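Peer 1: no sequence for this one, just the structure:
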DNA sequence: TATGAATGAGTATTCATTCAT
DNA sequence: TATGAATGAATACTCATTCAT
């Protein structure tokens, strides 16, 4: 039995390693070709595989997308947590969480693409259904939660804290969209500055209301 | 001569009508299949035409996209102008412009899709020439401009007014994105309420600063 | 009746004029786009017509090709006749005819294209059948005939004269093919020089045999 | 290991066989429809495949064209070499090379079509890269070279030998063109006879000049 | 005589996916 | 676990031709 376990473990490790290599390839292709240009063929080639081979590791192309996205959200969450762990004052906590969220996507445009992909119609027929979808939603919620917690520490009610979180999420999303597509330059504005201002005003409003 | 004129008019009317029917079909397909799934074939089928027939009415698939988009922006602009024409006080002007912008897209999700399409990379292949692209950008700018003007009437500097416009645009875009994809319910929030609150706070902040 | 004739004449003249304009357009397109790129649409556009309009003047696209070709052959024949009319000695006659044939195509590559088109499989379904085909063959025969006549004047039998004509025709065709496609340069040779040498040798052989 | 080798060999053999079947189908289509009418669809259908399947075996339509052509030239070259290997006297060498060249195309009209295709403008779109183009030119040069060598053995200078080669090539091409399209019968002549006579006279002229 | 509108067949190529081996 | 081969559906666009007006 011990032997069986050992073998299982090793086998599983090898399997995970290969999955990881494929996901790396997928990320590389997303980065190079954008989401629309990322075909199974291209990912397979980059990974040194035949397209058919990927089906032993993933159910479908969409499943690869989903996994890359999940990983992206995990990194996002890490970023946010790291930022908040350094903060002491509640207002620094909120500011840190919101700006870390914004900055992650501002600095990693391809992750932003992935995020938008989730929010768009994509992930169609075999989208792995609601199971994976719920996982993804949870990943996003995790990355946003620190904002709500910080708001509470700043004196907001649970309800109000959640609204602040959603509102900040939306503001960040909107600014990132504008920045990502270059339209914000068209209006002579700076997305990071606008985000910072938004956050400061939010904090100020909350303090005043207290 | 009167007869000739009449005929010309009728002929042109019929032509425009057919164009309109094709554009309607395109809108329907955009709605049903999303923008990526909207193929010439699908549009033609929906309009009761052969794919080849569309080329008599439009130069290319991208030209159809562009026309639908342009029309969408025109309706957006109308909505905004209608809302602001009813306002008297400067603050009602800003609120009216911002909320009209938001409401138009909240009530017309397919126009929202089109709007996002403009902001994404798409429309590359034959690019429509940058001429058409500029037209579209201008259409958007037109619909946003009333916000900036209202902000100036509220006492903002030209520079500050433009930033308010962009910021409100971004906030609306973010909320619409969340609402459109159903994620906002996930957080137990209401997009219109959050938008209204954002606008009110913006106005309050501006008044205070004055 | 006189009036009717007059009218008919005028009508016919107008009709021929329009046909001529279309044929001119076709020639221009052949020249600019080559034979494969010459679509009915392109010819119509060049002529200032709608594609459909051409069908009032010609039965089909192939009919236009045929007519342009026929005209090309007529010009070829003129060239040959003009050259031979200047010659006095029988050998100058043969040389003149053969070289005029060669030179015409060497200087008018598009006419060569048309000629090859006739000789290839083209002119398919509605190729106007054998009637027009016979006309074209006759046009070609006319342009070659002077060579045979000159050969006879040089002392060849009727039979032998015809063979000389065909042989010279073939030699010219082969050299033109090589020259037209640039391959002759590949071999460091000059088509006109080779043609001239061939003709001279032919004449010499015939004189000797006499 | 032996087994592995065997398997590899068998697998490769099957692969080559399938490629061969597709190329056969392509040749058949070229023959039946002419080169312009030879679409990927038609070739695939003839081979019992779906169009997409061909892309597994060949990079593109042009690649199929090229391979068929290359093979045709290889057989031409073989024919010429076989004929010259039987000859002893220099004049038989020249006669053998020239007539083998001519006979190959006279007996294989579809190879003639392919040859003409090489000489026409076609094959533009992706051009196969000039690499393949050079290969084809080389293939042709190989098949013609024996003529030049024979001419040298007959006493011609290097320069003169090359000219004789090109001239014979042109004469053959012209006669084949006439014969292939049936026009030569129109003039009551025989292409093989005219070719033979041309060759004999060439040899005689060369001997006399020596 | 000419047009605008429409058709149907055709073009090469790409895609995600499946399956026997 | 991986491959080579194959599929069927899809892509946008072009063409010569027809027909009602």
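Peer 2: Happy to help now that I have it. In this text, all values refer to a predicted model and were calculated from it rather than measured experimentally.

Peer 1: for chain A, longest helix please?
Peer 2: Taking DSSP state H as the criterion, chain A has its longest helix at helix A:2-33.

Peer 1: the next helix or strand along the chain from that helix near DNA strand E anywhere?
Peer 2: Next in sequence after helix A:2-33, counting helices and strands by DSSP states H and E, comes helix A:40-47. Yes: using C-beta under 7 Å from any atom of the strand, we find that helix A:40-47 touches DNA strand E at A:40, A:41, A:42. C-beta: built from backbone N, CA, C; applies to glycine.

Peer 1: per the record, what domains does chain A have?
Peer 2: A:1-58, A:60-209 (automatic domain parsing).

Peer 1: most tightly packed of those domains?
Peer 2: Each of the domains of chain A was scored by mean neighbour count; the highest is domain A:60-209, a mean of 18, by mean count of other C-beta atoms under 10 Å in any protein chain shown.

Peer 1: so how far is the helix or strand containing residue A:150 off the chain centroid?
Peer 2: Taking DSSP H and E as the criterion, residue A:150 maps to helix A:129-153. When C-alpha coordinates are averaged (C-alpha atoms, centre = their mean, to the nearest Å), helix A:129-153 and its chain have centres 10 Å apart.

Peer 1: which stretches of chain A have low pLDDT?
Peer 2: Across chain A, residues meeting the criterion (pLDDT under 70) sit at A:1-7, A:118-133.

Peer 1: ignoring the adjacent residues along the chain, who's closest to the residue positioned nearest the centre of it?
Peer 2: In chain A, the residue lying closest to the centroid (C-alpha atoms, centre = their mean) is residue A:73, at 3.1 Å. Spatially, and ignoring its direct neighbours in sequence, residue A:73 is nearest to residue A:139 (3.5 Å; C-beta to C-beta, 6 or more residues apart in numbering or on different chains).

Peer 1: contacting residues around that neighbour?
Peer 2: Shown in contact with residue A:139 (C-beta atoms under 8 Å, 6 or more residues apart in numbering or on different chains): A:70, A:73, A:74, A:76, A:77.

Peer 1: show me what from chain A comes close to DNA strand F.
Peer 2: Selection of chain A residues close to DNA strand F by C-beta under 7 Å from any atom of the strand yields A:11, A:15, A:18, A:48, A:49, A:50, A:51, A:52, A:53, A:56, A:57.

Peer 1: what's the closest of those to chain B?
Peer 2: Taking C-beta to the nearest C-beta as the measure, chain B sits nearest to residue A:51 out of these, at 20.9 Å.

Peer 1: briefly note if the one helix or strand residue A:64 maps to comes near DNA strand E.
Peer 2: Assigned by DSSP H and E, residue A:64 belongs to helix A:61-85. Yes: Helix A:61-85 is in contact with DNA strand E by C-beta under 7 Å from any atom of the strand, via A:61, A:62.

Peer 1: just give the closest residue to residue A:199, not the sequence neighbours.
Peer 2: The shortest distance from residue A:199 to any non-neighbouring residue, by C-beta to C-beta, 6+ apart, is to residue A:98 (4.9 Å).

Peer 1: give me the phi and psi for that neighbour.
Peer 2: When read as degrees, to the nearest 10, the backbone of residue A:98 gives phi -70, psi -40.

Peer 1: got a list of what it touches?
Peer 2: Counting by C-beta under 8 Å, 6+ apart, residue A:98 makes contact with A:147, A:168, A:172, A:195, A:199.

Peer 1: select, from these, the two members most distant in space.
Peer 2: Pairwise distances across the contacts of residue A:98 (C-beta to C-beta) peak at 12.8 Å, for the pair A:147 and A:195.

Peer 1: one step back: in CSV: the contacts of residue A:98, plus secondary structure and distance to residue A:206.
Peer 2: Listed next are the contacts of residue A:98 as CSV, based on DSSP: H, G, I helix; E, B strand; the rest coil; distance: C-beta to C-beta, whole Å:
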residue, secondary structure, distance to residue A:206
A:147, helix, 12
A:168, helix, 11
A:172, helix, 17
A:195, helix, 17
A:199, helix, 11
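
Peer 1: distance to residue B:33 for the residues you listed - can I get that in TSV?
Peer 2: Below are the contacts of residue A:98 laid out as TSV (distance: C-beta to C-beta, whole Å):
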residue	distance to residue B:33
A:147	35
A:168	33
A:172	29
A:195	34
A:199	38
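
Peer 1: which one of those is nearest to residue B:62?
Peer 2: residue A:172 (31.3 Å).

Peer 1: I'd say that closest one and residue A:104 touch.
Peer 2: No: contact criterion C-beta atoms under 8 Å: residue A:172 and residue A:104 do not qualify, at 9.7 Å.

Peer 1: quick check: closest non-adjacent residue to residue A:100.
Peer 2: Nearest non-adjacent residue to residue A:100, counting by C-beta to C-beta, 6+ apart: residue A:83, 3.5 Å away.

Peer 1: right, and the one you found touches residue A:99 too?
Peer 2: Yes: counting by C-beta under 8 Å, residue A:83 sits close enough to residue A:99 to count as a contact (7.2 Å).

Peer 1: ok, residue A:104 - contacts?
Peer 2: When contacts are counted by C-beta under 8 Å, 6+ apart, residue A:104 touches A:75, A:76, A:79, A:80, A:111.

Peer 1: tell me which element the nearest residue to the third one once chain neighbours are set aside falls in.
Peer 2: Read that as residue A:79. Leaving out its chain neighbours, the residue that sits closest to residue A:79 by C-beta to C-beta, 6+ apart is residue A:104, at 4.6 Å. Residue A:104 is part of helix A:90-107, with elements assigned from DSSP H and E.

Peer 1: could you point out which element follows that helix?
Peer 2: As assigned by DSSP H and E, the chain's next helix or strand after helix A:90-107 is helix A:109-119.

Peer 1: can you give me how far that following helix is from the chain middle?
Peer 2: On C-alpha atoms, centre = their mean, the centre of helix A:109-119 falls 8 Å from the chain's centre.

Peer 1: any part of that helix near DNA strand E?
Peer 2: No: shown here: helix A:109-119 not in contact with DNA strand E (C-beta under 7 Å from any atom of the strand), separated by at least 13.3 Å.

Peer 1: which other helices and strands contact that helix?
Peer 2: Using 3 or more C-beta pairs under 8 Å, 6 or more residues apart in numbering or on different chains; DSSP states H and E, the elements in contact with helix A:109-119 are helix A:2-33, helix A:61-85, helix A:90-107, helix A:158-180, helix B:158-180.

Peer 1: dump the ones you listed to CSV, plus distance to residue D:90.
Peer 2: Listed next are these as CSV, based on distance: least, C-beta to C-beta, whole Å:
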stretch, distance to residue D:90
helix A:2-33, 63
helix A:61-85, 68
helix A:90-107, 79
helix A:158-180, 78
helix B:158-180, 86
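
Peer 1: please tabulate the domains of chain A in JSON lines, including the columns distance to residue C:63.
Peer 2: JSON lines is the format used below for the domains of chain A (distance: least, C-beta to C-beta, whole Å):
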{"stretch": "domain A:1-58", "distance to residue C:63": "47"}
{"stretch": "domain A:60-209", "distance to residue C:63": "51"}
